[in-house]
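Q: When you get a sec, could you give me coordinates for this:
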Amino acid sequence: MTPELCACPWLEEVELGFDLVVVRHAYERNRGSNTVRLLQKVVPATRVLPFGTEGSPFDAETFREMQRPVVLFPRGDRVLAPGDLVREGDDARPSLIVLDGSWSQCRRMARRVPGITELPFVRLPPSPERVWQLRRSESPAHVCTFEAVVRAVEVAGSPTAAAVLQSSLAIVDVLGRHSRGFLDRDAAQRRLDALLEGRADDRPQLR
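A: Numbering: from 1, shown residues only. A predicted model of the protein is given here:
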């Protein structure tokens with residue numbers, strides 16, 4: 001990606017009130033449309049656990065160390081609630097586990113990742129149209145990993161953090177679609193200017 005299409009100067013870091021753990025399928029690591037690298041950039045405390053890497057068995061001990069874990073999955077047993085992610089008083093710190101992969105990969109991971117079936121599964125509440133357009137989805141309930149985290153942060157009652165995350169995803173989405181020819185320069189520039197309005201004088205100028 002050329003320097004003009006790098007979003008890094010306009011990405012803000014966010015600290016969450018819960019631990020974020022991503023279980024990423026090995027095939028996702030180098031995919032251009034994968035959003036976990038962006039998530040690590042914006043939420044530096046994100047922990048990524050690879051699954052399916054040849055010669056590297058998954059260590060379920062990570063799950064056993066968590067005191068208040070929930071697994072985010074479209075077919076969760078119940079809807080994610082604020083209490084799942086909010087720490088009150090001396091309560092143990094919550095942990096949100098997100099499966100990262102294609103829908104078929106995540107379905108298998110939900111059954112095969114060691115120790116994960118012992119944990120409570122939750123799903124996101126219904127929400128508006130998704131932001132991330134670089135990857136097709138079979139259902140509105142199936143959103144990219146980054147956007148799933150944004151919605152979870154909204155549920156947790158942190159609108160400011162959610163807005164920062166949403167803006168970061170939208171910026172990268174515009175730049176990515178422009179680089180792939182899905183948005184012409186003028187359309188991409190207008191969207192970037194709107195997203196970055198009031199934030200910086202040195203906005204990216206697309207050529």
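
Q: And the strands in this protein, which stretches?
A: Secondary structure of the chain (DSSP state E): strands at 19-25, 47-51, 68-72, 78-79, 94-100, 121-123.

Q: looking at the ones you listed, which is buried most?
A: strand 94-100 (a mean of 24; mean count of other CB atoms under 10 Å). In this view, the C-beta of every residue, glycine as well, is placed from N, C-alpha and C.

Q: Identify the neighbouring strands of that one in the sheet and state each direction.
A: Strand 94-100 has the following strand partners under DSSP bridges: strand 19-25 (parallel), strand 68-72 (parallel).

Q: Please convert these to JSON lines, extending it with distance to residue 116.
A: Shown next, in JSON lines, are those (distance: least, CB to CB, whole Å):
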{"stretch": "strand 19-25", "distance to residue 116": "7"}
{"stretch": "strand 68-72", "distance to residue 116": "6"}
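
Q: how about those strands, which one is nearest residue 185?
A: Proximity to residue 185 (CB to CB) singles out strand 19-25 among the strands paired with strand 94-100, at 33.1 Å.

Q: Spatially central residue for the protein, please.
A: Per CA atoms, centre = their mean, the C-alpha nearest to the average position across the chain is that of residue 146, at 1.7 Å.

Q: I figured residue 11 hits residue 42, correct?
A: Yes. Counting by CB atoms under 8 Å, residue 11 sits close enough to residue 42 to count as a contact (5.6 Å).

Q: Who has more neighbours out of those two?
A: Taking other CB atoms under 10 Å, residue 11 and residue 42 do not tie; residue 42 has more neighbours (22 against 18).

Q: ok, now which ones touch that one?
A: Residues in contact with residue 42, defined by CB atoms under 8 Å, 6 or more residues apart in numbering, are 11-14, 164-165, 168.

Q: In helices, which of those appear?
A: 164-165, 168 (DSSP state H).

Q: any idea which of these is the one closest to residue 49?
A: Within these, proximity to residue 49 (CB to CB) peaks at residue 165, which comes in at 20.7 Å.

Q: now what about stretch 104-115, what contacts it?
A: For stretch 104-115, the surrounding residues in contact (CB under 8 Å, 6+ apart) are 23, 25, 27-28, 51, 57-60, 63-64, 71, 73, 75, 99-101, 116-117, 121.
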